[in-house]
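Q: predicted structure and sequence below. I'll ask about it afterward.
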Amino acid sequence: MMKRLTLAVVVVLAGAGLVGWRWWERAEDETRQRIRIRVMDFRLSMGWGLPARDLAHMRKRSGLDDLANVSCRNCHLESTNALAWAQPRVRHARPGGMAVTPDGRRLYVALPEQDEVAEVDLERLVVIARGRVAGQPTGLALAPDGLSLFVTCRAGDRVARLDLARGGMLEVESVNVGIQPVGIACAVFGTNPLRLVVANMTSDDASLLSIQPLRETARFSTGREPYGVGFSEEGQSAQIVSRLAVSQGVHQPPSSEITVFDTLTQRVTRRVRMDSAHLSESVAVVPGRPRVLVPLVRVRNLVPITQVARGWVMSSGLGVLEPDGTVVQMPIDEANRYFADPGGLVIDTSGRRAYLASGGGDVVTVVALDQLDRWLAQADDATKRRAIHDLELSGEYVVGRIPTGRNPRHLALSPDGSRLFVSECLDDAVLVVDTRSLKHVGRVVLGEGGMKDPVRRGERLFTWAGKTFQGQFSCRSCHPDGHFDGLTYDFDGDGIGDNLLDNRSLLGLAGTWPFKWNGKNPSLNVQCGPRFAKVLMRTDPFDGEQLADLTRYVESLAPARTRHIADTEWTVSQERGRRLFFATQTPDGTTIPEERRCSTCHRPPLYTNRSKSSVGTRGPRDVSDVFDTPHLLGIGASAPYLHDGRAKSLEELWTVHQTNDLHGVSSYMSKQQLNDLVDFLKTL
Amino acid sequence: MLVLWVGVFLLPAWTVRAETGPAVPFPLIERFENLRLAQGMPSRKIHSVLKASDGRVWIGTWEGLLVKDGDRFQRYTTADGLTHKMVLCLAEDPKSGDLWAGTMRGLNRISAGRITGYLQTDSGLPNNVVYGVDVIGDHLWTATAAGAGDLDLKTGRWRLYDHQNTPMHEPWCYAVRGTGERVFIGVWGGGILEHDPVLESFKEYRDPDQDFHFDLVADDGPINDITSWIAYEAGVVWQTTYFGASRYDGRKWRTWVEGKSPLPSNFTQFVWTRGKVAWIGSDRGLSVTDGESWVNYLVGGKGEGVLEMHRPGRPVETRVMSTALPNPFVLGIWADDHEAWIATSDGLSRGVLGSNEVGRVLARSETSRVDATPDRDRVAVASQGQAKAPRVGAVDDRERSYPYYGNTPEELIPFRGVEPHFRYWTQRLPFRGPGHEVADPAGLKSLKIGLLSPNRQGPEAARGERTRRGVELAFEEAEAARRPEQLPFEIIYKEDSPQWGSAGNVAVEFSDHEVLGFLGTIDGDATHVALRVALKIETYMINTSDPDPTLTETQIPWLTRIFPDDRQQCFRLALLAVKEQGCRRIAILRENSRPGRVGVMHFANNIRRLGFPPVQHFNYPPGAVDVDSQIEGIQAAHADAVLFHGQPEDVGRLAAKLRAAGVKAKFFGFDRLREPGFLREAGAAAEGMTITYFFNPDRRDTPWVEFVERFERRYGERPDVYAAYGYDGARMMMEAVRKVGPNRYRVRDHLASMESWDGVTGHMILDGRWDNIVPISLAEYRDGKWRFRDPPDLQHPTRISSGHIRHPEGAPSE
């Protein structure tokens, strides 16, 4: 009996083995690979190590002898579907742009995460209606007659018009504009019809729209990442502020732009440079005075970060654009206290007070414009130039600081100026402040705040400057909306003047370990933990729970989008470029060495093999030639390039900074082919 | 005589009947208001001008971009972000008001004072040398030295059009103009390309003559394939070339050449249209025409303005104007119904337009057609024995004739027996721009001469290195012989094609270094592009090593080539093969490349003219090993001769394969086969190969022998032809600079006036296109040696004192 049983078991096992072997033989390579990887994962998790053959394979493919941070997953990530940013998220009632009706009875609030616009009764401070607007409604502009609400749909690359005349909010028409429209403003000039100007953040341009019907009548270039739009008092000129600064070289001071556009002649009449200033998100004209105010961050990226005190890294300010086109940068920080991430700005109709939201400081700063004027009148040019560095100056004109909930970004004033509405973005509420007493008088609750959501909790930490020395900056200060500021920094830990580092976008970062340009940080926990505290925060690091939440938030950030939503087809050039990217041979049949193929190091789906590599890009002050292979998702939106930001554009990687085919074999390419390759890369 | 001249100018009003008559159908310029250095121009040379929709006038100069707003000027330079100081072309985006400026190094977008630069290294711009620019709808088109570029202003995407994806043979684009429905690209050597942006199709218009010698038949197509500018408006395309001008209305072509039409000069370089009226800029002035009536604004010998009016069926009328263009070399034009802005080589001019009534006619020609004598510099004024009207002056009005380009043997003259509508190259083109009188620059430390060499990684690297050695030896010897009071010479080294055929970009750098002239290079592509830049930067080039026969066909008067080209070699080979050796079934086997294509072009034409067209014409890729199908084809054609063109190693290998396959045909080839690579690969198959060669390297004349000794002493090896011509070219250039001083224009005049020159390579004879047409030798490989034959005597006379063209039948033509 036992013998028969044993025999039966042997036969069954043999049969299973035979079937399994036959199945394995017939299985597709991809399937076999997937199974092998899982087996390897299991072995590694059990601490059993890997077979010599596989270790040799990994050494060859990675070019590394030390495989401590290398696994099969470096190259064999099957899909991005499992990554955090590909997962469904809780959609909170985060408030976006706001608009108050002319009669002061209603407030409209964009709810970008929920694809809705909320209508608030300002007497009762409650939401009385919600209208659906697809595509992440972000900015709002209300027609002067209060009958139409224009909404920028950031994810839809369009502007929608909601009809308010019949009660409710019905979307009645829509027009495509540039990529990721955010700021919007409207004005009427004389007897001319209403015009709208929209800032298209990712296409670096702005649209002029006419209504009846709603259509784009002009598109003009702006600075980099245009964000906020304002109109002159008479309604003819629009000002568009751009968030990112651009510099002409690694050691050159950056500057951002205020674009002044004449909506009647449809001409850009002025481009004002703001030196060493960036992250301006709004703009407002001072009524009765020929001045325009722009919140800004004065960045000092050319100075090694040897300290943080006294605004060493950055400080917040207000740009005063004079009629002659000069900008005086005035501080709003104090010597020992900072108000990071200035965002929304409104000025009352008397022109006497400006209110500025500091998203990182959870504060609204109140500026007395008469006092500011007085100071400006008595200051000479040299004093004005130095003003931004004098952190004790703000006492001359800052008359109040209103504490708010988490991450105030947008502001609106009631028509009579008596009430200030503050979007508390990470509290899902709108704070109402009495402008006479500067006290809270109410709050419009839009949602439950999201404290149960670790991603939301993480975002709060990300946007809060409270964890840095004197609240000087938050993570968002260098990574607005999780992206980047396009600048190069010098951290002192590795030598002053050495190892300059290009700031990188955090969008699409999930799964792209290790971190830091030299690949030394194996995880975000290490990247954002003690190191960040030591090098930048100069305070206590995040605790374990906070770090986990912060990491969850960062990992939830999807890759940057660089194509218009309507741009669904691949062009012929992009397809040619794709083939070049994946080429294993040059056109004359010469084999490209495996280690020099684009797709080896920049392996899909993340376009990184998550290993370090030497591509000949070491600079004169770099201690090493080996750098972490960056992922390429959203690469089109993250100029400049290379570890120190020396390549202005993707083309320069293989032209000005060509490294004898060490950074991929490209010397055989014609200009057409290089154009094709760049075209393809910009689709990622 | 003086009294008569005075009389002409001061004739009382009553002695000349003021006439009115049918007007020309466009307004006349009443007066010129000139702006030169003294009036605020930053340079003499003004390349381009555009009046924007806001009324401001943008001016592209040699020293930056100027904008005139009322009486104020504002200048943008490289310090303001302009990519290069030489601004060649301008266009306004009517939607945004942005100005686009093409320069010698990059494209610029000027918007409300902000300049954004685009280079080929940091954007999709095809090439940094931007000759033409136009805004068409939401697209910005550029014509560059390496293709046409289309930038979608909304998406920021570039499209590149060149010889790989359009019918153009070479990617050298010089002008672009269009509407939303069609875009016209002026292609150097490619005529006109018409692009339909919707269908994404191309159509080309080429000169039907396919020979730059002449215009065979008038009004048969584009006057020439070297398009210098294009304009398109109201359904009419206008083309300017250095060989005349053309117009196409969609059905018919009209062409104009000097001497046979009112066009004052064939060297036309710009055209602007206003409706159906064209404003044409040439080196002799400004012409305005609707295709029927013409008004030429010329500059007399004394600098006075001369207006010449041509109307169909009426005598030519001439008028002396009270003002004149600052210089007749017109480079750019902008005009509307009220004024015309004219960019010239010596200042900017505003032409105030007035009535189109015929004003005070001072002179009228007897004939109703334009005087077609070679002596066109004199405007004929007839009747009443009056003195001749003011001479429309050229700086160089020599009457020297050069009957046939390149010393073409009679039996090889194209269309022999047919007198073409117009012959080119019978006289050397002068340079009529200013510059000769400019004082020598102060504070010079050295006299800079550029050397444009092949890329060190490219196929011509070794030859380029040998050229460089010859050049350096010449410079060293010049330095050794220098007197203390003389400035030393300095070589400025540059490589062509550092990336994507960027020889043009590199040549611009010579201007940045302020060289007085430059030498080089080998590759025809690179040399053509560099030559076009040489014209713009007005710096003379002596080419010492490029055999491309098309190089000198462009009529650009800034080049001398001392290296006998493939045209000369083709003459010799064709006559040798057909007439001397009696070959009748000749096959051609050449490298699949531009040098291969143009290298055998004239041979194929020549043997056809001799009555024996090629029986096969094959090509092969460089480095080819498998040529079985070509061999089969040659065998099937029963070829009794094979002409090879290609790298010596490739030809050697192919010759061996042909012999191994049993092909017994005679083998002919070009000079390069004397390099060791041919013998090494050919082995026994080299026996009997006959090539053209420049001279017998074993000759015993003193200059050559001594040069060989000095070269061997210096470098430890014998010089080859590349070293020798490099040496001669360098000496020729230095001699010119020493003689006339550090002035590029005087250097040009000196070099361009040479008829002959003696160097270590021998006696050079320079023809009407500044090509060395000295007869060249032949060499046959026999019994292990190259055996040279002396070159024949120069058969075709180059001197014809009467100034008339010798008719092929022997009788002088009219």
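A: Arrived safely, thanks for sending. Numbers count the residues shown, from 1 in each chain, chains lettered A, B, ... in the order given.
Q: show the pLDDT at A:G20.
A: Predicted confidence (pLDDT) for A:G20: 85.
Q: what number of residues lie near it?
A: 10 (other Cβ atoms under 10 Å in any protein chain shown). For glycine as for every other residue, the C-beta is placed from the backbone atoms N, C-alpha and C.
Q: pull the number of nearby residues for B:A38.
A: Neighbourhood size, B:A38 [other Cβ under 10 Å]: 8.
Q: tell me the phi and psi of it?
A: Main-chain torsions, B:A38, degrees, to the nearest 10: phi -70, psi -20.
Q: please report how far it lies from B:D346.
A: Counting by Cβ to Cβ, to the nearest Å, the gap from B:A38 to B:D346 is 12 Å.
Q: ditto for B:K95
A: 35 Å.
Q: the two: who's more crowded?
A: B:D346 (21 against 16).
Q: test my guess that that one contacts B:A324.
A: No. The criterion here is Cβ atoms under 8 Å, and B:D346 misses it with B:A324 at 11.4 Å.
Q: ok, how many other residues are close to residue 626?
A: Just going to use chain A. Neighbours of A:V626 using other Cβ under 10 Å come to 18.
Q: that's the wrong chain, I meant chain B
A: That count, for B:D626 with other Cβ under 10 Å as the rule, works out to 10.
Q: against B:D211, how distant is it?
A: B:D626 is 36 Å from B:D211, by Cβ to Cβ.
Q: which pLDDT value belongs to the spatially most central residue of chain A?
A: Chain A has A:H483 as the residue nearest its centroid, 2.8 Å off, counting by Cα atoms, centre = their mean. In the predicted model, A:H483 carries a pLDDT score of 96.
Q: tell me the contacts of it?
A: A:505-507, A:560, A:637-638 (Cβ atoms under 8 Å, 6 or more residues apart in numbering or on different chains).
Q: farthest-separated two in these?
A: Across the contacts of A:H483, the two members that end up farthest from each other (Cβ to Cβ) are A:L506 and A:A637, 12.3 Å apart.
Q: hmm, who's touching stretch B:322-330?
A: Here stretch B:322-330 has contacts from B:31-34, B:36, B:269-270, B:281-286, B:297-300, B:303-306, B:342-349, B:432-434, using Cβ under 8 Å, 6+ apart.
Q: apply 6 Å and report the result again.
A: With contact meaning Cβ atoms under 6 Å, 6 or more residues apart in numbering or on different chains, stretch B:322-330 is reached by B:31-32, B:34, B:36, B:281, B:283-286, B:299, B:304-305, B:342, B:344-347, B:349, B:432-434.
Q: just those that are near chain A?
A: Taking Cβ under 6 Å from any Cβ of the partner chain, there is no overlap between the contacts of stretch B:322-330 and the neighbourhood of chain A.
Q: outline the domain layout of the chain.
A: If you meant another chain, say so; for now it's chain A. According to automatic domain parsing, chain A comprises the domains A:28-76, A:98-445, A:457-555, A:572-681.
Q: not quite, I wanted chain B
A: Following automatic domain parsing, one gets these domains for chain B: B:400-425+B:567-693+B:775-814, B:435-564+B:697-774.
Q: out of those domains, which gets nearest to A:G104?
A: domain B:435-564+B:697-774 (63.0 Å).
Q: give me the secondary structure label for B:H169.
A: Of the three states, B:H169 takes coil under DSSP: H, G, I helix; E, B strand; the rest coil.
Q: can you report phi and psi for it?
A: phi -80, psi -40.
Q: please apply the same query to the one 5 residues further on.
A: Backbone torsions for B:Y174, taken as degrees, to the nearest 10, come to phi -120, psi -10.
Q: ditto for the one 10 residues further on
A: Phi and psi for B:F184, reported as degrees, to the nearest 10, are phi -110, psi 130.
Q: show me what it is bridged to.
A: B:R177, B:E194 (DSSP bridges).
Q: surely it touches B:V176?
A: No. B:F184 lies out of contact with B:V176 (Cβ atoms under 6 Å); the separation is 7.0 Å.
Q: who's more crowded, the two?
A: B:V176 (32 against 25).
Q: how far away is the more buried one from B:V130?
A: Counting by Cβ to Cβ, the gap from B:V176 to B:V130 is 10 Å.
Q: identify the residue of the stretch 701-814 of chain B closest to chain A, quick one.
A: Closest contact between the stretch 701-814 of chain B and chain A, by Cβ to the nearest Cβ, is at B:Y722 (25.9 Å).
Q: where exactly do the strands run in the stretch 401-550 of chain A?
A: A:408-413, A:419-424, A:429-434, A:439-445, A:488-489, A:501-502 (DSSP state E, counting those that start in this stretch).
Q: pull the residues that contact the fifth one.
A: Taking Cβ under 6 Å, 6+ apart as the criterion, the residues outside strand A:488-489 that touch it are A:250, A:301, A:500-502, A:644-645.
Q: in these, find the pair that's most separated.
A: A:N301 and A:D644 (12.0 Å).
Q: which residues touch A:D490?
A: A:304, A:500.
Q: before we move on, the earlier item: contacting residues for the residue of the stretch 701-814 of chain B closest to chain A?
A: B:Y722 sits in contact with B:463, B:466-467, B:545, where contact means Cβ under 6 Å, 6+ apart.
Q: can you lay out the residues you listed as a markdown table showing neighbour count, distance to chain A and secondary structure?
A: A markdown table is the format used below for the contacts of B:Y722 (neighbours: other Cβ atoms under 10 Å in any protein chain shown; distance: Cβ to the nearest Cβ, whole Å; DSSP: H, G, I helix; E, B strand; the rest coil):
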| residue | neighbour count | distance to chain A | secondary structure |
| --- | --- | --- | --- |
| B:R463 | 23 | 22 | helix |
| B:R466 | 21 | 25 | helix |
| B:T467 | 32 | 24 | helix |
| B:S545 | 27 | 25 | coil |
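Q: how long is stretch B:480-496 from one end to the other?
A: Taking Cα to Cα, to the nearest Å, stretch B:480-496 runs 29 Å from one end to the other.
Q: quick revisit: which pair in the contacts of B:Y722 has the greatest spatial separation?
A: Among those, B:R466 and B:S545 lie farthest apart (Cβ to Cβ), at 8.9 Å.
Q: what's the local residue count around the closest residue to A:H251 other than its chain neighbours?
A: Distances taken as Cβ to Cβ, 6 or more residues apart in numbering or on different chains place A:L302 nearest to A:H251, at 6.6 Å, with adjacent residues excluded. Neighbours of A:L302 under the rule other Cβ under 10 Å: 17.
Q: just read off the phi/psi values of A:L302.
A: Per degrees, to the nearest 10, the backbone of A:L302 is at phi -80, psi -10.
Q: what does B:G464 give?
A: Per degrees, to the nearest 10, the backbone of B:G464 is at phi -60, psi -40.
Q: show me where the chain has its helices.
A: Chain wasn't specified; assuming chain A. Along chain A, counting by DSSP state H, helices occupy A:2-26, A:29-45, A:52-62, A:369-378, A:381-386, A:454-463, A:475-478, A:524-528, A:530-532, A:544-555, A:572-581, A:598-601, A:650-653, A:671-681.
Q: look at chain B instead
A: So, for chain B - with DSSP H - the helices run B:2-10, B:461-481, B:503-512, B:524-537, B:566-574, B:594-609, B:628-636, B:648-660, B:676-682, B:702-715, B:721-740, B:744-752.
Q: show me where pLDDT drops low in the chain?
A: Just going to use chain A. Counting by pLDDT under 70, chain A shows low-confidence ranges at A:62-64, A:68-69, A:77-78.
Q: wait, chain B
A: B:1-22, B:355-405, B:497-501, B:794-814.
Q: how about the residues of it by chain A?
A: So far as Cβ under 6 Å from any Cβ goes, chain B lies against chain A at B:96-97, B:111-112, B:114, B:121-122, B:124, B:126, B:158, B:160, B:500.
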